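Turn this into a structure:
(one chain, ligands or ions: 1)
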Amino acid sequence: MRIPIIAANWKMHKDSQEAVDFVESLGEQLRADSVEAVVCPPHPLLGIIAEPCRTYGLKLGAQNMYWEEAGAFTGEVSPLLLKDIGVHYVIVGHSERRQLFGETDQHVARKAKAAFAHDLTPIICVGETQQERQSGQTMSVISEQVTVALTGLDPSQARKAVIAYEPVWAIGSGQAATGTDAAQVAQHIRKVLGEMFSLKLARDVRIQYGGSVKPDNIQEFMREPEIDGALVGGASLDADLFAGIVHNALGAAVS
Ligand SMILES: O=C(CO)COP(=O)(O)O
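Alright, predicted model coming up:
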């Protein structure tokens, strides 16, 4: 049984007061819901919302981290520190990190491994660009990203990983993938996981869709049995919109 997981990736938005207000508002709206809701603020806000997240049963996620525990790595944040302040999840390999900050599949693999070594769960992002899709390379790009990112993980770790399929062209564009297309890629990810580990493991891993998710299209994704939740950017900045996504996701998942 894969529990749906809906994560808010705020990217570089919000100040401390806005962050606390969001958590309180979302927490009040989700009290009765049986879904993992994760809030991923910018690093300086993690400690500030850790306590209110705990109070409301929301999980705390970071948007990035380095793989070393400590040392002369100016500007980086270690998995030890994330764990220390109550973080559960860490996004690794977001396409913005790959495109703007030069992260490679190998970096993503080291981060995923370091996350598990410190009892954090990585949300591993994969996804093709517009050009790769148009030239028919979607599945090969996804195969490569998934294979490299999960190489070196024990099956017990890989089983717990969350994989976010985020087609780059759908991020922030208002042009989401169709549920059918996203499900096809999710199915392909499970095929790759099955070859790397086992079919049982491939069925246990949670796969999110990300890219222009809104309250009115989340059901299209959640109706697909291959898809277990969403990684939300723009629509996660407003507590009411994000709560709407979580509510609608649950409605679709059980119907
Ligand atoms: O990048 C995303 C989440 O990580 C998706 O962003 P949008 O929901 O704004 O398209």
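
Close to the ligand: what parts of the stretch 151-255 of the chain are there?
By the rule Cβ under 6 Å from any ligand atom, the part of the stretch 151-255 of the chain lying against the ligand is 166, 171-172, 210-213, 231-235. Glycine gets a C-beta too; all of them are placed from N, C-alpha and C.

Any quick PyMOL command for the buried ones out of those?
The following PyMOL line selects those of these that are buried, judged by 16 or more other Cβ atoms under 10 Å:
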select buried, resi 166+171+210+211+212+213+231+232+233+234+235
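
Over in the stretch 1-150 of the chain, which residue gets nearest the ligand? Let me know.
residue 9 (3.7 Å; Cβ to the nearest ligand atom).

give me every residue that touches that residue.
Counting by Cβ atoms under 8 Å, 6 or more residues apart in numbering, residue 9 touches 40, 61, 63, 91, 94, 210, 231-233, 236.

Columns distance to residue 48 on top of those residues, output as a markdown table?
As requested, the contacts of residue 9 are arranged in a markdown table below (distance: Cβ to Cβ, whole Å):
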| residue | distance to residue 48 |
| --- | --- |
| 40 | 14 |
| 61 | 14 |
| 63 | 15 |
| 91 | 18 |
| 94 | 22 |
| 210 | 25 |
| 231 | 22 |
| 232 | 21 |
| 233 | 21 |
| 236 | 17 |
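
Closest one of these to residue 134?
Set against residue 134, the nearest of those by Cβ to Cβ is residue 210 (20.0 Å).

Dihedrals phi and psi, that closest one?
phi -140, psi 140 (degrees, to the nearest 10).

Quick check: the residue nearest to residue 170 when sequence neighbours are not counted vs residue 163, distance?
Excluding its sequence neighbours, the residue lying closest to residue 170 (Cβ to Cβ, 6 or more residues apart in numbering) is residue 211, at 2.7 Å. For residue 211, the distance to residue 163 equals 14 Å [Cβ to Cβ, to the nearest Å].
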